[in-house]
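Q: Next comes the sequence, and after it the predicted model I'd like to discuss.
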Amino acid sequence: MSRLTLAGAVATAAAAALLLGGCSAASSSSSSSTNASAKPVVGGTLVYLEQQAHTNLYPPSGGFYPNGGILNQITDKLTYQDPKSLKIEPWIAKSWTTDTTDTEYDFTLRSGVTFSDGTPLDAAAVAKNFDTYGLGNTALSQPVSEVFNNYDHSQVVSPTEVKFFFKKPSPGFLQGTSVIGSGLVSLSTLAKNFNDLGSATNIIGSGPFVVSKESLGKEVDLTVRKDYKWAPESSSNQGRAYLDGIKFIVEPEDSVRIGSLLSGQGDYIRQVQAYDEKQVTSQGYSVVAKATNGVNDSITFHPQNALVADVKVRQALLHATNTKQIVETIFSKNYPQATGVLAHTAKGYVNLSSELKYDPSQSKKLLDAAGWKLGSDGVRQKDGQELAFDIYESLPQPQNKQVLQLVAQQWAKVGVKLTVKAGDAGSATTDNLDSSKTALAVTEVGRADEDVLKSQFYPKNRNGLLQAGGTATDATFTDPKLNDLLDAETTETDPAKRVTDTQDASTYLVDQAYTIPLFEEPQVFAGASYVKGVAFEAVGRPSFSTTWLAKH
Amino acid sequence: MPRYLLGRIGQAVLVLWVAYTVTFVLLQALPGDAVLIKFQGGDINLTPDQLEQVRQTYGADESVLQQYFQSLGRLVTGNLGYSVQHGVPVTKLLAANLPSTVALTALGFVLAVVIAVAVAFLSSLSPFAWLRRLLQAVPALFISVPTFWLGITLIQIFSFKLRLVPVIGGTAAQSLVLPVITLAVPISAPLAQVLIRSIDAVSLQPFVPVLRAKGAGPNWILWRHVGKNALLPALTIAGVLFGELIAGAVVTETVFGRTGIGVLTQDAVNNQDVAVLQAIVLLSALVYVVVNLIVDLLHPLLDPRLSQKVVLAA
């Protein structure tokens, strides 16, 4: 078995300091990154205002931003993904090797790392973490993690060496060990029932901060861990975090979050709407937008639905959508117009902007060719049926209602009716799984790995197209070609080939007009000028271990 | 009397059971369930098989009837179950949210009564017709002010511009000031309206000119005689305002980022978090039942004519 050592070289190559804005993939302002000459000050408490309360903090639920924001401070990961180069670097794992087929991974761990309860973060703990995330733990209701495919088992070789085995080649696993959902927690946390992991105080990690107090639904207080000394090598801060603590406070109302920042009651806030950005920057505060490096904010078709079964109709709707107008009318420069299925900073991105052109006359031609004729009320008809769609507003997506309403206006110009629905979560979830009820849905996933495309479109994963064999129980539609392309990508061990596989899958998705990419969804934060050195992981969750508060 | 009490408590238990059962049936009839909302397309994305496994661990795979009796059985032993969405026991959620709502609504109600009495009494005491008309227009204004707008405006002025009270990180007392005002203003409107009307009505009764003829001043008449009589209809309205208080609390809690039963309910409805909703319905039913019981027991004390009925009934 020939082995490749990946770790060392990568680490030195990507030694660019995190502080110097190595994370500013789509940063619009750099004043939150510190200037290199200023010396960090130790002490102080950061008041961070969050839009929503955290839910269950079982690490695989870290995809939800309020959860990820907290988990990223209190847990460490096996590996570290450089937010700019997206390369994987050592962290708790000093180095690693894989076999040629990527079915076996061998990690060598740092020694001396402990969880905040004093127990060691050793091979046994890592093995238990990944066994849980890879297989789930039914006895404790702990579900599997979305990021692991084909996980089989682990093997503890020594206290500092652990191996993982997979049923099929799993090149995505290495990046999977760096994501927020793979945060390492102590054995005592994993011994708790899933139903008790919504209490932040039950989450024991090895990160630079520790949960010291929680007021459920309102506030989580973190305190610095003074003996922390195992940051990723590329971090500018190898010791304890500069801050003494962080208060995560929930404030759902946008205007109150911004007002609190501007009046000095808060230091850093998440979720700034595009229309509020000017108000923040004009008063000397900085707006920081972070790319989420995944599948763009899109409208995705359910091709089994008779109305969109014809590729001509899907292409017509794609060309009837003016994404430039959406971005210019509703958003700011922090929301780049989509030029592909994936964000332009994502791995495996391919520029498809010529295929995604706004062209209403082409759209009309396609609809005419598909047999949809304009009716007297301006809506196209065929065999007595109207070309009319319902789409559910997606609450996590920025200003989604406004976006969909604008799309509805654009589609109306070519004779297509789109009704935006704001249903309850239950109806929206069930209807979005039923292609007879919905012909299209809003989709978006953030993850800085090629696997994100599979996450979104593969039947066994999020099943964006509602193919048979997945979450949609009555589905009969299936596109073997697409699934083969996605399969090829996730099991491809040659990194260069993986990129081209991903590009092929993206191109095919747009050729078939399965999805209409709208824009690249950022995470937008705002902060006071004295907050220095805020870093972000690859999908835009803040990391405060290098953050410090200048005099103010 | 003990037999009467026992009967009433029996009735109360019956009301609670019916409320619980009706909620259970209604929640079952909704499309989707908490497990689907939480684990499909949410922050954890599971396959149908994995979803089924999760349902099993929540007992959500069993027949509706079995689930009903199981949850009822748990309830009797004081176990309210777990929140699927938040991953904590429901009792813990209630403990975290109830005190702040009780403080907010109780103080909001007290302030609403103070505002209403002040507006009504000042408007009838005012010697100037223009002031009287102005004060009488206040309830109409107050009830037209949307709660969220009022909350945001108060925050903008008193917290962000004048910096008198912080919204973030203040003491418990500081954090109550603006929310209590926000909640009290719309609640005070119907109270003040009814008070003004009934003061007017009582003032027209024959005993008022008699008092005036005896030499009583307008203040004396209003406070000692008219006011007392005029309060009764207002108290009746006050009881009905309980629902409005809760509705106002949802908006107030959201705007001010407070925890509370209001936002908890909204969140549980959005996510079909059945165990949480069941507990909230049970709690509200319990409050109604207890309040009604107390009112019914107090009635005979306030109005001797009613106590005879009780004696007969007992």
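A: Now that the structure is in, tell me what you want to look at.
Q: contacting residues for the residue of the stretch 201-314 of chain B found nearest chain A?
A: Distances from the stretch 201-314 of chain B to chain A, computed as C-beta to the nearest C-beta, single out B:Gly257 as the nearest residue at 3.7 Å. (C-beta placed from N, C-alpha, C; glycine too.) B:Gly257 makes contact with A:Lys218, A:Ile249, A:Val250, A:Glu251, A:Pro252, A:Glu253, A:Val256, B:Val167, B:Ile168, according to C-beta atoms under 8 Å, 6 or more residues apart in numbering or on different chains.
Q: Next secondary structure after the helix or strand that contains A:Pro517?
A: For A:Pro517, the element it lies in under DSSP states H and E is strand A:515-519. Per DSSP H and E, the first helix or strand lying C-terminal to strand A:515-519 is strand A:522-527.
Q: and that following strand, C-alpha only, in PDB?
A: Extracted in PDB, the C-alpha atoms of strand A:522-527 (Å, rounded to 0.1, in the frame of the first residue of the first chain):
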ATOM      1  CA  PRO A 522     -22.800  35.500   1.900                       C
ATOM      2  CA  GLN A 523     -22.900  35.800   5.600                       C
ATOM      3  CA  VAL A 524     -22.900  39.400   6.500                       C
ATOM      4  CA  PHE A 525     -21.600  40.700   9.800                       C
ATOM      5  CA  ALA A 526     -21.000  44.200  11.200                       C
ATOM      6  CA  GLY A 527     -18.600  45.300  13.900                       C
END
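Q: What's the mean pLDDT across that strand?
A: The pLDDT scores in strand A:522-527 average 96.
Q: Listing partners with orientation, what would you give for that strand?
A: strand A:268-270 (antiparallel), strand A:286-291 (antiparallel) (DSSP bridges).
Q: Tell me the first helix or strand C-terminal of it.
A: Per DSSP H and E, the first helix or strand lying C-terminal to strand A:522-527 is strand A:531-532.
Q: need the contact list for residue 147.
A: Defaulting to chain A. Per C-beta under 8 Å, 6+ apart, neighbours of A:Val147: A:Pro60, A:Tyr133, A:Gly172, A:Gly176, A:Val179, A:Gly181, A:Ser182, A:Arg447, A:Asp451, A:Ser455.
Q: actually it's chain B I care about, not the one you picked
A: Listed by C-beta under 8 Å, 6+ apart, the contact partners of B:Thr147 are B:Thr182, B:Leu183, B:Pro186, B:Gly248, B:Val251, B:Thr252, B:Val255.
Q: how does it look with 7 Å?
A: Shown in contact with B:Thr147 (C-beta atoms under 7 Å, 6 or more residues apart in numbering or on different chains): B:Thr182, B:Pro186, B:Gly248, B:Val251, B:Thr252.
Q: Count residues in the vicinity of the second one, would you?
A: Here the neighbour count serves as a burial measure; for B:Pro186 (other C-beta atoms under 10 Å in any protein chain shown) it reads 25.
Q: residues touching it, list them.
A: So B:Pro186 contacts B:Phe142, B:Ile143, B:Val145, B:Thr147, B:Gly248 (C-beta under 7 Å, 6+ apart).
Q: List buried residues within these.
A: Buried by 16 or more other C-beta atoms under 10 Å in any protein chain shown: B:Phe142, B:Thr147, B:Gly248, out of the contacts of B:Pro186.
Q: tell me which strands and helices the one helix or strand the first one maps to is in contact with?
A: This points to B:Phe142. Counting by DSSP H and E, the element that carries B:Phe142 is helix B:129-144. Secondary-structure packing of helix B:129-144 (3 or more C-beta pairs under 7 Å, 6 or more residues apart in numbering or on different chains; DSSP states H and E): helix B:90-125, helix B:174-203.
Q: I'd like to know which elements the first one is packed against.
A: Using 3+ C-beta pairs under 7 Å, 6+ apart as the contact criterion, the neighbours of helix B:90-125 among helices and strands are helix B:129-144, helix B:174-203, helix B:227-256, helix B:261-270, helix B:274-302.
Q: Report the inter-axis angle for the third one versus helix B:174-203.
A: Calculated by axes from the mean of the first three to the mean of the last three C-alpha atoms, to 10 degrees, helix B:227-256 forms an angle of 150 degrees with helix B:174-203.
Q: Show me which positions of helix B:227-256 end up buried.
A: B:227, B:229-231, B:234, B:238, B:241, B:244-246, B:248-256.
Q: and A:Phe166, how many neighbours does it have?
A: Using other C-beta under 10 Å, A:Phe166 has 23 other residues around it.
Q: ok, A:Ile204 to A:Pro396 distance?
A: A:Ile204 is 28 Å from A:Pro396, where distance means C-beta to C-beta, to the nearest Å.
Q: The two: which is more packed in?
A: Higher neighbour count among A:Ile204 and A:Pro396: A:Ile204, with 22 against 14, using other C-beta under 10 Å.
Q: For the more buried one, which non-adjacent residue is closest in space?
A: Leaving aside its chain neighbours, A:Ile204 sits nearest to A:Ser186 (4.0 Å; criterion: C-beta to C-beta, 6 or more residues apart in numbering or on different chains).
Q: For the one you found, give me its contacts.
A: Here A:Ser186 is in contact with A:Phe115, A:Asp117, A:Thr119, A:Ala125, A:Ile204 (criterion: C-beta under 7 Å, 6+ apart).
Q: again, but for B:Ala120
A: Contacts of B:Ala120 by C-beta under 7 Å, 6+ apart are B:Ala192, B:Leu195, B:Ile196, B:Ile199.
Q: My guess is the last one contacts B:Lys228. True?
A: The reference is to B:Ile199. No. With contact defined as C-beta atoms under 7 Å, B:Ile199 does not count as touching B:Lys228 (10.8 Å).
Q: residues near residue 97, how many?
A: Answering for chain A, as no chain was given. Other residues near A:Thr97 come to 17 when the count uses other C-beta under 10 Å.
Q: wrong one, chain B
A: 24.
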